[in-house]
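J.: the sequence and its predicted three-dimensional model are supplied below.
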There are 2 protein chains.
Amino acid sequence: MNRPEPDKPESDKLGSSVTMRDVAKAAGVSVATVSHVVNNKPGARIGDDARRRVQEAVAALGYRPNALAKTLSRGGSRFIGLVADAIATTPFAGQIIHGAQDEAWAHGYVLLVANTDGNEAAENEAIAMMLEHQVQGILYSTWYHREIVVPELLHQTDTVLVDCFAENSGLPAVVPDEEQGGRTATEALLAAGHRRIAFINTTSPSPAQSGRLAGYRSALETAGIDFDESLVFPAEPAQEGGYATAPRIVESKATAVFCHNDRVAMGLYDGLREHGLSIPGDVAVMGFDNQDVIAAHLRPPLSTVALPHYDLGAAGVRVLLGLKTASTHEQLMRVTCPSVPRQSI
Amino acid sequence: MNRPEPDKPESDKLGSSVTMRDVAKAAGVSVATVSHVVNNKPGARIGDDARRRVQEAVAALGYRPNALAKTLSRGGSRFIGLVADAIATTPFAGQIIHGAQDEAWAHGYVLLVANTDGNEAAENEAIAMMLEHQVQGILYSTWYHREIVVPELLHQTDTVLVDCFAENSGLPAVVPDEEQGGRTATEALLAAGHRRIAFINTTSPSPAQSGRLAGYRSALETAGIDFDESLVFPAEPAQEGGYATAPRIVESKATAVFCHNDRVAMGLYDGLREHGLSIPGDVAVMGFDNQDVIAAHLRPPLSTVALPHYDLGAAGVRVLLGLKTASTHEQLMRVTCPSVPRQSI
């Protein structure tokens, strides 16, 4: 018999926990029926046959209804913690939670989510709470890709950084592939025949700033176009920045613009319109992020590159459970940013 | 001595659970230090004095490091469940989680969050998982205000509906006050001197559709203006709907428009601009929702009414813990939608 290695917790744990769902499946009834029978709810009308099948499945599978008692008897919990700085103030981080949750559930784990707004005290409390609940490990996530200082408490459990990283921390990190994303965005404009392509980049130093620029350069160079620094325009990464940059885009005679994000593109739309220019007829526009309430609903709908938030969350859980390893030499896993073509090119 | 009533679980439970945070406070050290001492981590450099103070606080408060063991010994958990249909695909529901989490933490509870995308099987699994973890109760929340059919399993624990309701279910519900919101929006336009105010309403039957219309009518009537059905324009509740309605707004000679939501207002902005009309000079525009990435960033920034998502989540927890009761005769608690003035009026 091949026993699982002690450092591969998922294989050991997966077999040892039977859920209501398993019982329902084995008995051929709904989860609600199992719950009624197991908890002996008065008033529920469960047929004798269904009741018997549930009881048989409970016995056969060794189901124990109290998840906490199960956890204690096993000496480890089926919780995974997710500490996020701002699930609430951005439509993005929600998708990280969604991906992490789906992946956790697929492996029989439950996600404990804490939103800390980046407040250090709240963060420490959240992590302490998770440690008290004996989580299997913690995903620590930020709402935009950046380098972080690792909270000390995180070293007391297995931790995976999601959408952030900490060099020399030894912690694995799952981040979007900013350079590939910038390259993909620029390639979409090149493929439509554009040669004079401007880039409105953010003024905030970040992996997105440097990565997307590197991707833009690399795509141009591959296409045999010299990089022209005068076509890179720094701007506030919001609608206001895109709008303010419009006059310089017009002056530059660029026929296409790669915007640092969709919000910049939205502002640029307004600015170009005020100059009497149409999109994509006069100027093609490419965004970044695929932001839900914006990208698909601009006039014309915005071609963009998606930040893979769902995949970041899911990959984070897989790394935590040892189902996937980050690149060994730098502990960094880069997730592809896919192209989302619409009508602005 | 006044013993708490058995049907007031929060008073009974609050005193009985000591957390790391309590120990840290009593010992005058950080949560990290408590964790180090309690878990006897090797390698942590904790001074003898701090170590002693932590140990004394642990003894004095009766702190037990294993939250699960504590829960079992008490026969009830410190979890509150939150089942949401779509935290991931809307920037809204995130604020419900945020409010629920803050309020749960304030009372010593931890929030178990499940996003089900409205899928019935996922929903039943999530609820079953929460029942297995012996949650104190469940908040069941939808990302937009609507009537729901209550999942059968929810009747096995205390449940509060958040941003949704189910008539005759006997379940308390916390919802936004749509009628007050519609009245507040219309009053803002009236206060700026407008008398001919159009309303672009959604085509989807919903409490928002009927409530905001009722608020619009009531504000007009209070101001002595007859309700004019021809000034109510049904439209898809998205940018596309607002844009498509612009020609009819122009024909109507309305000097102000109350839009069903911010996305409609965003589309209307584009449409009015194409007619050469300026906002607010030619037409004043009022939104609804205060949607994060849109409202503040339109040109001009959009005056709107906020959906109180954070407050809905927080109020839901308070109702669940018995700290607040919904109106007795209909079990419905309506939360105010506040005005957010910007520059579009």
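T.: That came through fine.
J.: please enumerate the helices of chain A.
T.: Counting by DSSP state H, chain A has helices at residues A:9-14, A:20-27, A:31-38, A:48-61, A:67-74, A:93-106, A:120-132, A:178-191, A:207-222, A:239-252, A:262-274, A:309-320.
J.: adding mean neighbour count, distance to chain B and mean pLDDT, write these out as TSV.
T.: In short, each C-beta sits where N, CA and C put it, glycine included. TSV is the format used below for the helices of chain A (neighbours: other Cβ atoms under 10 Å in any protein chain shown; distance: least, Cβ to the nearest Cβ, whole Å; pLDDT from 0 to 100):
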stretch	mean neighbour count	distance to chain B	mean pLDDT
helix A:9-14	16	15	34
helix A:20-27	20	4	86
helix A:31-38	23	5	80
helix A:48-61	15	13	87
helix A:67-74	17	4	57
helix A:93-106	24	3	87
helix A:120-132	21	4	85
helix A:178-191	23	19	98
helix A:207-222	20	17	98
helix A:239-252	20	4	98
helix A:262-274	24	5	97
helix A:309-320	26	7	95
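J.: among those, which is nearest B:V285?
T.: helix A:262-274 (14.9 Å; Cβ to Cβ).
J.: before we move on, the earlier item: so can I have TSV of the helices of chain A showing distance to B:E152?
T.: Below are the helices of chain A laid out as TSV (distance: least, Cβ to Cβ, whole Å):
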stretch	distance to B:E152
helix A:9-14	29
helix A:20-27	13
helix A:31-38	5
helix A:48-61	14
helix A:67-74	20
helix A:93-106	21
helix A:120-132	31
helix A:178-191	45
helix A:207-222	46
helix A:239-252	46
helix A:262-274	41
helix A:309-320	30
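J.: closest to B:A126 out of the ones you listed?
T.: helix A:93-106 (8.5 Å).
J.: list of residues touching that closest one?
T.: A:80, A:82, A:84-87, A:110-111, A:113, A:139, A:141, A:143, A:162-163, A:309-318, B:87-91, B:93-94, B:113-115, B:125 (Cβ atoms under 8 Å, 6 or more residues apart in numbering or on different chains).
J.: ok, back up a step: who wins for proximity to B:Q180 among the helices of chain A?
T.: That would be, of the helices of chain A and by Cβ to Cβ, helix A:93-106, which comes in at 27.7 Å.
J.: and the angle from that closest one to helix B:120-132?
T.: Between helix A:93-106 and helix B:120-132, the angle comes out at 70 degrees (axes from the mean of the first three to the mean of the last three Cα atoms, to 10 degrees).
J.: chain center to helix A:93-106: distance?
T.: With Cα atoms, centre = their mean, to the nearest Å as the basis, helix A:93-106 stands 8 Å off its chain's centre.
J.: pretty sure A:I225 sits against A:R195.
T.: Yes: using Cβ atoms under 8 Å, A:I225 makes contact with A:R195 at a distance of 6.0 Å.
J.: compare those two (neighbour count), which wins?
T.: Under the criterion of other Cβ atoms under 10 Å in any protein chain shown, the comparison of A:I225 against A:R195 puts A:I225 first, with 16 against 13.
J.: could I get the phi/psi values of the more buried one?
T.: Main-chain dihedrals, A:I225, degrees, to the nearest 10: phi -110, psi 130.
J.: got a list of what it touches?
T.: A:190, A:195, A:197.
J.: where's the last one relative to chain B, distance?
T.: A:I197 is 25 Å from chain B, where distance means Cβ to the nearest Cβ, to the nearest Å.
J.: state the distance from the nearest residue to that residue once chain neighbours are set aside to chain B.
T.: Among residues not flanking A:I197 along the chain, A:A256 sits closest, at 4.6 Å (Cβ to Cβ, 6 or more residues apart in numbering or on different chains). Plainly put, A:A256 is 22 Å away from chain B if you go by Cβ to the nearest Cβ.
J.: pull the contacting residues for the nearest residue to A:Q291 once chain neighbours are set aside.
T.: Excluding its sequence neighbours, the residue lying closest to A:Q291 (Cβ to Cβ, 6+ apart) is A:D262, at 4.4 Å. Counting by Cβ under 8 Å, 6+ apart, A:D262 touches A:287-291, A:294-295, A:302, A:304.
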